[in-house]
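**Student:** Sharing a model that was predicted from the sequence below.
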Amino acid sequence: MAAYISPLYKNVKLNLSIASKNHYSPDLFKKNLDKHHLMRDIYNRIVGNKTVANGIVAKSRRRRNEKMKKKLKQALGNWVEGERFWDREKDVELFIERIEQGAHLLLVAQRRMGKTSLMREVARQLKDRYLCVFVDLQKALNASDAIAELSIRLKPHKSLWQKTKEVFKNAFDRAEKIEIKDVAVTLRSGLDAGNWAVKGDRLFQILAASEKPVLLLFDEVPIMVNRLLKGDDFRITPKRRLAADEFMSWLRKNSIEHQGNIRIVLSGSIGFEPILRQARLSETINNFSSFELKPWDQKTAVACLNALSNEYGVQFQQDAAARMVRLLGSCIPHHVQMFFTYVREKCKRRRRMKFFPDEVDEVYQTEMLSTRGHVDLMHYEERLKLVLGPEVLPLALEMLTETAVMGSLSREALEAFQKAYTFKEQSAAEAQQEILRVLEHDGYLELRVKDYVFGSRLIRDWWRKRYGSFHIPILERGV
């Protein structure tokens, strides 16, 4: 960095001599010299600030170029971790912070937001400090199945597995006699309605005595509890409610008893709180703190698309990636990756990897909203049936279709729907209120001013294409 040195400051002796010949007083000369000191200081600061500013700009450019060059492999399967896990650094940081504080968490988000991926990534990052156990209850039919699934997930941890086998000693002894080699079958055979809670307590005691603190990550708990509550006919009976209450109360008891040694995270692809509220069991999770996982912002989604394009050779022209994101409306990670898949396939088939903004709408209409897209989006309808049941589902579908076709669901339309439907065990107003709670909680609709609208443009457009053709708006039916 160049420094300012005035001619006067360069040669003090010479300037003193000149000053003497011209009859300048020493005080006058000193004042002039001080001015030059000040000028030098100002100059150096200006140059220095410019250098700092240039450095910041250069650093910003480097970061931008690094992001532009960053690559990302596409997600395969239902979850990702490690280098396939995009963004969410702040979510991971906050999630881990809550875990470090000893909190039990209820991970809340709409479908396809990446809840399972977040749990997997957190477990990966904490594996050296915590004993992380991931338990998927997707297929569990009852509490005994849940305890069996928890038990088998301890198998990779040698010392814990030996203690677990002691808990199921009788079952393993029987299995050895009749030569059953399937560990899952053996564990399940040692559990029934009379002993699952006791054996589950012993498992928690084993985990609490571990050298490391334990992080238990339970996925799809709402689906299991929903099965317990409603069975195959989607009816909550006193017996089923008792079974669900017993399991949730058991889990709550152990979460309190082993607070500090064990952290528990609950998550699932359907909303847990609406299900528990239907059975008046909300208090069973009142010691769990909610952690909400939201959609990506547009900047993050565009960066993801650019990273994918760098990996697979797609060349987005102009603002094609931004146009894709705007069409989605809500940047749900799975939908962003799904859109890229169709773009990449189009480019590969035609053997031209440049993709222009005016091509975005075509892919959106012909692929995202096509029969192929329906396979990915059908989950939204199927999960609604699980939560609401077949009796109430038709009203929910009509309310969603009305919203998709008309652009919003007004108060007047809601009142008209109440007049059009009747139910055996509840009023239409009560059914509608429950539907709206589920639709808001699970991210289908959101309230804007007085009306309900779709949060995701993609889901709205898909719903309208699937159901809207023969829909007559409720206020035009003369109800």
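**Tutor:** Received, thanks. Residues are numbered from 1 along each chain as shown.

**Student:** Give me the number of neighbouring residues for Leu94.
**Tutor:** One way to gauge burial is a neighbour count; for Leu94, by other C-beta atoms under 10 Å, it gives 12. Yep, even glycine has a C-beta here, placed from its N, CA and C like the rest.

**Student:** Who are the contact partners of it?
**Tutor:** Phe291 (C-beta atoms under 8 Å, 6 or more residues apart in numbering).

**Student:** Offset the numbering so it begins at 895, please.
**Tutor:** Noted, 895 is the first residue going forward, which turns the last one into Leu988.

**Student:** Could you check how far the strand or helix carrying it is from the centre of its chain?
**Tutor:** Taking DSSP states H and E as the definition, one finds Leu988 inside helix 983-994. Using C-alpha atoms, centre = their mean, to the nearest Å, we find the averaged C-alpha position of helix 983-994 to lie 13 Å away from the chain's own average C-alpha position.

**Student:** That one: which residues count as buried?
**Tutor:** When neighbours are counted by 16 or more other C-beta atoms under 10 Å, the buried residues of helix 983-994 are found to be 985-986, 989-990, 993.

**Student:** Now distance to Lys1063 and pLDDT too, for those, in JSON lines please.
**Tutor:** As requested, the buried residues of helix 983-994 are arranged in JSON lines below (distance: C-beta to C-beta, whole Å; pLDDT from 0 to 100):
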{"residue": "Asp985", "distance to Lys1063": "42", "pLDDT": "92"}
{"residue": "Val986", "distance to Lys1063": "40", "pLDDT": "93"}
{"residue": "Phe989", "distance to Lys1063": "37", "pLDDT": "95"}
{"residue": "Ile990", "distance to Lys1063": "37", "pLDDT": "96"}
{"residue": "Ile993", "distance to Lys1063": "33", "pLDDT": "96"}
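
**Student:** how close does Gln1056 get to Gly1094?
**Tutor:** From Gln1056 across to Gly1094, the span is 18 Å (C-beta to C-beta, to the nearest Å).

**Student:** what do you get for Asp1127?
**Tutor:** Counting by C-beta to C-beta, the gap between Asp1127 and Gly1094 amounts to 28 Å.

**Student:** ok, now Leu1101?
**Tutor:** Following C-beta to C-beta, the distance that separates Leu1101 from Gly1094 is 11 Å.

**Student:** repeat for Ser1083
**Tutor:** Taken as C-beta to C-beta, the span from Ser1083 to Gly1094 is 16 Å.

**Student:** When these two are compared, which one has more neighbours?
**Tutor:** Gly1094 (23 against 17).

**Student:** quick one: contacts of the strand or helix carrying the more buried one?
**Tutor:** Element membership of Gly1094 [criterion: DSSP H and E] is helix 1090-1102. When contacts are taken as C-beta under 8 Å, 6+ apart, the neighbours of helix 1090-1102 outside the stretch itself are 1025, 1027, 1037-1038, 1040-1041, 1044-1045, 1048, 1054, 1057-1058, 1061-1062, 1084-1085, 1108, 1110, 1140, 1144, 1148, 1151-1152, 1155-1156.

**Student:** 6 Å instead, please
**Tutor:** Applying C-beta atoms under 6 Å, 6 or more residues apart in numbering, the set of residues contacting helix 1090-1102 from outside is 1037-1038, 1041, 1054, 1057, 1061, 1108, 1144, 1148, 1152, 1155-1156.

**Student:** any weak-confidence spans in the stretch 895-1044 of the chain?
**Tutor:** Segments of the stretch 895-1044 of the chain classed as low confidence (criterion: pLDDT under 70) are 895-963, 970-972.

**Student:** what about 90?
**Tutor:** Across the stretch 895-1044 of the chain, residues meeting the criterion (pLDDT under 90) sit at 895-983, 1003-1008, 1010-1011.
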